[in-house]
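Chemist: mind folding the following:
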Amino acid sequence: MRKGKQVIPNSRVAGASLVEVTVSMVLLSVIFLAAWMIFGQLIASSSQRLVRSAEAQAEAWLDASLAEQDFLPDRQFTEWGQLERKVSPHPDYYGLVLLEVRALGADAREIAHVQQWVYVEE
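Modeler: I've put the predicted structure just below:
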């Protein structure tokens, strides 16, 4: 019988490969977690840009819309009180936001309420 062809298990080598596998799995998990966190940050910053862009488009739309209804935004809103704006992302379509504007008078009476879907391009 030739001893050169026989494989004799060495416990030291087997233990080292188990450590190597464990370290490799931990490193892969850390890399995956870091990539996931970076991806999440990219999504969050894109969403913030979308909302800022929607607010800018919404202001232009609001001025035009209220001008058509004979509201004078420069004068009337300063005299009557505050302008509230709520921009929320549409659940089904990326790039569509619902703009809801309420203009409240000094006595908290609603003087204008408009809703509009606005498509925002990045």
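
Chemist: flag the shaky bits of the chain, pLDDT-wise.
Modeler: 1-16, 47, 50-56, 58-122 (pLDDT under 70).

Chemist: recalculate using a threshold of 50.
Modeler: Applying pLDDT under 50 to the chain flags the ranges 71-88, 90, 122.

Chemist: do you know how far A34 is from T22?
Modeler: 19 Å (C-beta to C-beta, to the nearest Å). In short, each C-beta sits where N, CA and C put it, glycine included.

Chemist: kindly report the same for A44.
Modeler: Distance from A44 to T22, by C-beta to C-beta: 33 Å.

Chemist: cool, and I31?
Modeler: 15 Å.

Chemist: and for F39?
Modeler: Distance from F39 to T22, by C-beta to C-beta: 26 Å.

Chemist: ok, now S45?
Modeler: For S45 relative to T22 (C-beta to C-beta), the value is 35 Å.

Chemist: burial of I43, as a residue count?
Modeler: 10 (other C-beta atoms under 10 Å).

Chemist: actually L42, not the one I typed
Modeler: 10.

Chemist: hang on, it is in a strand, isn't it?
Modeler: No. Counting by DSSP: H, G, I helix; E, B strand; the rest coil, L42 falls outside a strand, being helix.
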